[in-house]
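1. Here is my input; please provide its structure:
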Amino acid sequence: MWPRIGGLRTLALGTPGELRTNLNTLVLAGVKTATAGLLTEYAQEHEQLEHVGERLVLVDDDDVLAGVVEVTGVEVVPFAQVPWEFARAEGEGDRDIEEWRAGHAAYWARQGTPVTDDAAVVCVRFRLVSGGEGGVASGDLGV
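-> Okay, here's the model as predicted:
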């Protein structure tokens, strides 16, 4: 199960270190408004999919609150059918869907989960509710 803070599930992007720091910075800047995960990861971690309206605590490497996001959309699609519109919303600088697919396939392979074109990808869209001055400093979970 994912850790909880204030009763909310946490959102730990990427892997600890430079990647997570960069991804969190993109979220807090309003550039990253989506993230992708593998459906198999949810089963392995005994977690339900996110749902529209759910708030998640964005955490840093130490599982400390960095911000709060609200889920605005959830869709499960085969890896080969993830749309460019979604990939672009991840805000990670990919120039096209092929670059997004190559980068994500390499990331998941490094994590020990190689993907095929039919691998089920959970595409989660969100909006930043609180972060930076005020939200994080005050510990406001926005609930």
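2. just for this structure, where's the confidence low?
-> 132-143 (pLDDT under 70).
3. Tell me which residue is most central in this protein.
-> When C-alpha atoms, centre = their mean is applied to the chain, the residue found nearest the centroid is residue 35 (3.5 Å).
4. How about the helix or strand harbouring it, which residues are buried there?
-> Per DSSP states H and E: residue 35 is located in strand 34-38. By neighbour count on 16 or more other C-beta atoms under 10 Å, the buried set for strand 34-38 is 34, 35, 36, 37, 38. Quick note: C-beta positions are derived from backbone N, CA and C, even for glycine.
5. What separation is there between the third one and residue 49?
-> So the one you mean is residue 36. Going from residue 36 to residue 49 by C-beta to C-beta, to the nearest Å gives 12 Å.
6. in the chain, which spans are helices?
-> Here the chain has its helices, by DSSP state H, at 18-28, 39-44, 84-89, 97-110, 135-138.
7. out of these, nearest to residue 6?
-> If you check each of the helices of the chain against residue 6 by C-beta to C-beta, helix 135-138 wins as the nearest, at 12.3 Å.
8. Turn the buried residues of strand 34-38 into a markdown table, including distance to residue 71.
-> Output for the buried residues of strand 34-38, formatted as a markdown table (distance: C-beta to C-beta, whole Å):
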| residue | distance to residue 71 |
| --- | --- |
| 34 | 10 |
| 35 | 10 |
| 36 | 13 |
| 37 | 12 |
| 38 | 17 |
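9. any idea which of those residues is closest to residue 122?
-> The shortest approach to residue 122 among those belongs to residue 37, at 4.7 Å (C-beta to C-beta).
10. Contacts for the strand holding residue 35, please.
-> By C-beta atoms under 8 Å, 6 or more residues apart in numbering, the surrounding residues in contact with strand 34-38 are 11, 13, 23, 82, 86, 89-91, 104, 108, 113, 115, 119-126.
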